[in-house]
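> Predicted structure and sequence below. I'll ask about it afterward.
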Amino acid sequence: MTHSHRINSVEHLDDLLSDPTPGVVETLRRLDGDLLILGVGGKMGPTLARMAARASQTAGVKRRVIGVARFSRPELPQWLRQHGVEPLAADLLDSGQLAALPDVANVLVMTALKFGSSGQPGDTWAVNCWLPAAVCERFADSRIVGFSTGNVYPLTPISLGGSVESDPLVPIGEYAASCVGRERLYDYFSRTKDTRVSIVRLNYACELRYGVLVDLARQILRGEPIDLSMGAVNVIWQGDANAMALAAFGHCDSPPFVVNVAGPETLSVRRTCQQLGELLGKSPSFTGVEGTEALLSNGQLGHQLFGYPRVSIRQLCEWIAAWLKQGGDVLDKPTKFQVRDGRF
């Protein structure tokens, strides 16, 4: 990947986000069969699907990459087609539509409900638990990579450097509880049906249109005080998160293989805002007291298996500052990373 000092267009950004690592190319070279991506319409789905198509092409493997969503954005199916991905419209909560999906050897499950989950708990549990269970029944003979979240962990002392994969899951709030439920169901179906599964615990993916660093940079530009109560955070370039999720197909197992996908640093929110402020030419202001505990994941296992992230936090901050200063698109989907009580 060539790093320029500035990303000037959405096309350039999407190109970088979908650039496969050598590890992804090798994984998809060795993988047999087609790939079905469920929930392709979200923030990560389009560029992840495009990366899978690019890696398969680079590996010389003829493979269908099929992206399934309800497609609330009408322009997305055409974009996917242009980049080698077959769009397939379906409501996955409809049993008949789930049953009608094509049989494939590899399934990536990106469906999740987080924001608004405190106001509609039934929907949250249906999307985060019932649907993965239904997918496991429908694709019992396939390899499954399921997205999870670092929210399954409790807040831990910042000095410890984040939760590791073998730590106990102690969810805070209903959304996090439903995510533990999702993992337990993957575990159950993996063991009882011998389905090979990888669980990817992500926090937090970031690009130039959304993510923790974008949230902070926009607050600085608006002159809003930054809440320091969640005093530290993990951030990873979305292109690296895409790559690690696809590389996880090479580790599917029964019982499930579990891996944190997180940036290598424990970022101080205060220090990161000061860095962003310098790049934006605006001094941040702060509110609240930095707690000694935060929601943090230790990403070392993922880095060991899949390679160190290609884009540094410094590079990402520079890109974001330049993007916002030039009036680049943003998605207006705040991460709410500073929430400590689990209410989203």
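That came in fine, so what should we check first?
> Break down the protein into its helices, ranges please.
10-17, 22-30, 45-58, 76-82, 95-99, 121-125, 131-138, 173-193, 212-222, 238-247, 269-280, 300-306, 313-325 (DSSP state H).
> list the buried ones in stretch 206-222?
Buried residues in stretch 206-222, counting neighbours by 16 or more other CB atoms under 10 Å, are found at 206-221. (Each C-beta comes from the backbone N, C-alpha and C, glycine too.)
> Looking at the helices of the chain, which is nearest to Lys114?
helix 173-193 (5.6 Å; CB to CB).
> residue ranges with poor pLDDT in the protein?
Residues of the chain that meet the criterion pLDDT under 70 lie in 1-5, 115-118, 344.
> redo that, cut-off 90
The model of the chain has pLDDT under 90 over residues 1-6, 8, 112-121, 291, 331-344.
> Now do the contacts for Pro154.
Residues near Pro154 by CB atoms under 8 Å, 6 or more residues apart in numbering: Ser163, Val170, Pro171, Ile172.
> burial measure for the second one, as a count.
By that I understand Val170. 13 (other CB atoms under 10 Å).
> Nearest to Val24, out of the buried residues of stretch 206-222: which one, please.
The closest of the buried residues of stretch 206-222, once distances to Val24 are taken by CB to CB, is Glu207, at 17.3 Å.
> Run a quick neighbour tally on Val85.
The burial count for Val85: 26, using other CB under 10 Å.
> if I look at the residue lying closest to it once chain neighbours are set aside, how far off is His251?
With CB to CB, 6 or more residues apart in numbering as the criterion, Val85 has its nearest non-adjacent residue at 4.5 Å, and that residue is Ala49. In this structure, Ala49 and His251 are 20 Å apart, going by CB to CB, to the nearest Å.
> more crowded one of those two?
Ala49 (30 against 18).
> returning to what we had before: look up how far Leu216 lies from the residue nearest to Val85.
Per CB to CB, Ala49 is found 28 Å from Leu216.
> for Gly291, same thing?
For Gly291, the distance to Leu216 equals 17 Å [CB to CB].
> Kindly report the same for Asp34.
Going from Asp34 to Leu216 by CB to CB gives 40 Å.
> Next: Met244.
Met244 is 23 Å from Leu216, where distance means CB to CB.
> now do Leu305
Taking CB to CB, one finds Leu305 at 30 Å from Leu216.
> and if you look at Ser159?
22 Å.
> repeat for Ala53
33 Å.
> What of Tyr153?
In terms of CB to CB, Tyr153 sits 22 Å off from Leu216.
> Could you do Ala100 as well?
Distance, Ala100 to Leu216, using CB to CB: 43 Å.
> cool, Asp227 as well?
From Asp227 over to Leu216 (counting by CB to CB), the distance is 10 Å.
> Next, count neighbours for Ser312.
Applying other CB under 10 Å, we find 15 residues neighbouring Ser312.
> Report the contact partners of it.
Ser312 neighbours (CB under 8 Å, 6+ apart): none.
> Please report the distance of it from Cys129.
To Cys129, Ser312 is 36 Å away according to CB to CB.
> Kindly report the same for Val152.
For Val152, the distance to Cys129 equals 13 Å [CB to CB].
> Which one of these two is surrounded by more residues?
Using other CB under 10 Å, the more surrounded residue of Val152 and Cys129 is Val152, with 27 against 19.
> The more buried one is in contact with Ala176, isn't it?
Yes. The pair Val152 and Ala176 passes the contact test of CB atoms under 8 Å, sitting 6.1 Å apart.
> between the contacts of Pro154, which has the most around it?
Counting neighbours by other CB under 10 Å, the top entry in the contacts of Pro154 is Ser163, with 23 neighbours.
> and the residue nearest to Val85, what does it touch?
Ile37, Val40, Val65, Gly67, Leu80, His83, Val85.
> First-to-last residue distance for stretch 21-41?
22 Å (CA to CA, to the nearest Å).
> ok, and for it, which residues are buried?
Residues of stretch 21-41 classed as buried: 21, 23-28, 31, 34-41 (neighbour count, 16+ other CB under 10 Å).
> again with stretch 264-278
Glu265, Thr266, Leu267, Ser268, Val269, Thr272, Cys273, Gln275, Leu276, Gly277.
> mind saving the C-alpha coords of that stretch as CSV?
C-alpha atoms of stretch 264-278 as CSV (Å, rounded to 0.1, in the frame of the first residue of the first chain):
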residue,chain,number,x,y,z
PRO,A,264,-1.6,-1.9,18.8
GLU,A,265,-1.7,1.2,21.0
THR,A,266,-3.7,2.1,24.0
LEU,A,267,-4.5,5.7,22.9
SER,A,268,-4.9,8.4,25.5
VAL,A,269,-8.0,10.3,24.4
ARG,A,270,-6.5,13.6,25.8
ARG,A,271,-3.2,13.2,24.0
THR,A,272,-4.9,12.0,20.7
CYS,A,273,-7.1,15.1,20.8
GLN,A,274,-4.1,17.4,21.3
GLN,A,275,-2.5,15.7,18.3
LEU,A,276,-5.7,16.2,16.2
GLY,A,277,-6.0,19.8,17.4
GLU,A,278,-2.4,20.6,16.2
